[in-house]
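> here's my sequence, what's the structure:
(one chain, ligands or ions: 2)
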Amino acid sequence: MMKQKLSLYFVMGSIDCTKDPLAVLDEAIKGGITMFQFREKGKGALTGIEKYRLAEKLLERCRMYNIPFIVNDDVDLALALQADGVHVGQEDEVAERVRDRIGDKYLGVSVHNLNEVKKALAACADYVGLGPIFPTVSKEDAKQACGLTMIEHIRAHEKRVPLVAIGGITEQTAKQVIEAGADGIAVISAICRAEHIYEQTKRLYEIVMHAKQKG
Ligand SMILES: Cc1ncsc1CCOP(=O)(O)O
Ligand SMILES: C=C1C=NC(C)=NC1=N
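Residues are numbered from 1 along each chain as shown. Ligands and ions are numbered 1, 2, ... in the order given. The predicted model follows:
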C-alpha cells in the first residue's frame, strides 16, 4: 500500500508554479500522480489565511480523485485541514512528537543517510524521503547530493522501509532511481516546469511503473 502510493509523489507550493497551482495539480492528477505534498516554502511563499485557502482548494481536488494529501512541516495546518498526513524534515518538530499529534495519519520523514532512516523508523514513520539524490534548484538549503549509491546502501540494510527518492529527478533519471531500490520518485520541477504538465506527468508515471514491474 505505502510503497504503491509513493510511486509518483508530486511535491509543490505556489512559488514552484508558473501558473495557477490548482490547474497544475489538476493536470498532474490526470497524468497519474499517486501522492501529493503541499510544500508552501521559500521566498514569496503564502502564509496565514492565504496559505490555508490554497491548501483547502488543493486538498479538495486530491479528495475528489482519492490522492493522499500530505502537508510539509506545518502540523497545525495538517490537523486543521484534516489532511492525510505530514512530512517533516530532520530540523522540524521531532518525529516522535509529530506522531503523537497526528495519530495514524501518514508520517513522512526526510533522511540523508542510513542512521537517519533508522531514527525515522524508531519514530514510526510510514515512509522516508531520501535526498537530494541529484543537485536541485527547488530547495535553497538542500544538502550535498547523495547520488544513487545512497539508495542502494540504505536498501541493502533496510529491505522493507518505504522509501521515496527526491532531488533533481527527471524523466532521464527516474528509471535508475527505481532500479537503485527506491519505491518511487518525488518531484517538484520535473512536473511544475514542464511545458505540458499532463503529458510530462504521464511519461514519468509510465517510466516509474514499468521500472517497478521489472524490479
Ligand atoms: C524538497 C526537496 N528535498 C530535497 S531536494 C528537494 C527539492 C526537489 O525539487 P526538484 O524535484 O525540483 O529537484
Ligand atoms: C524534503 C523532502 C523529502 N522527501 C519528501 C517526500 N518531501 C520533502 N519535502
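> and the chain, which residues reach ligand 2?
9, 11, 37, 39, 72, 87, 89, 108, 110, 129, 131, 164, 166, 186 (CB under 6 Å from any ligand atom). C-beta: built from backbone N, CA, C; applies to glycine.
> at 5 Å what do you get?
For the chain, the contact set with ligand 2 under CB under 5 Å from any ligand atom comprises H87, S110, G129, I166, A186.
> of those residues, list those near ligand 1.
Restricting those to contacts with ligand 1 (CB under 5 Å from any ligand atom) yields I166.
> can I get the residues of the chain next to ligand 2 in JSON lines with pLDDT?
Output for the residues of the chain next to ligand 2, formatted as JSON lines (pLDDT from 0 to 100):
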{"residue": "H87", "pLDDT": "97"}
{"residue": "S110", "pLDDT": "97"}
{"residue": "G129", "pLDDT": "98"}
{"residue": "I166", "pLDDT": "98"}
{"residue": "A186", "pLDDT": "98"}
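> which one among the residues of the chain next to ligand 2 gets closest to ligand 2?
Closest approach to ligand 2 among the residues of the chain next to ligand 2 (CB to the nearest ligand atom): G129, at 2.0 Å.
> count of neighbours near the closest one?
By the measure other CB atoms under 10 Å, the count of residues near G129 is 26.
> and it, bridged to which residues?
S110, V164 (DSSP bridges).
> need the contact list for the closest residue in space to S189 that isn't next to it in sequence.
Residue nearest to S189 in three dimensions, not counting chain neighbours: S138, with 5.3 Å by CB to CB, 6 or more residues apart in numbering. Contacts for S138 (CB atoms under 8 Å, 6 or more residues apart in numbering) come out as D16, I188, S189.
> against I169, how distant is S138?
Separation of S138 from I169 (CB to CB, to the nearest Å): 11 Å.
> equivalent analysis for H112, please.
If you go by CB to CB, the gap between H112 and I169 works out to 16 Å.
> so Y9 belongs to a helix, correct?
No: counting by DSSP: H, G, I helix; E, B strand; the rest coil, Y9 is not found in a helix; it is strand.
> need the helices for this structure, in chain order.
Here the chain has its helices, by DSSP state H, at 2-5, 21-31, 48-64, 75-81, 95-102, 114-122, 148-157, 174-179, 189-192, 197-214.
> what's the average pLDDT for the longest one?
Summarised as a single mean, pLDDT over helix 197-214 is 97.
> same for that helix, what does it pack against?
strand 8-12, helix 21-31, helix 174-179, strand 184-187, helix 189-192 (3 or more CB pairs under 8 Å, 6 or more residues apart in numbering; DSSP states H and E).
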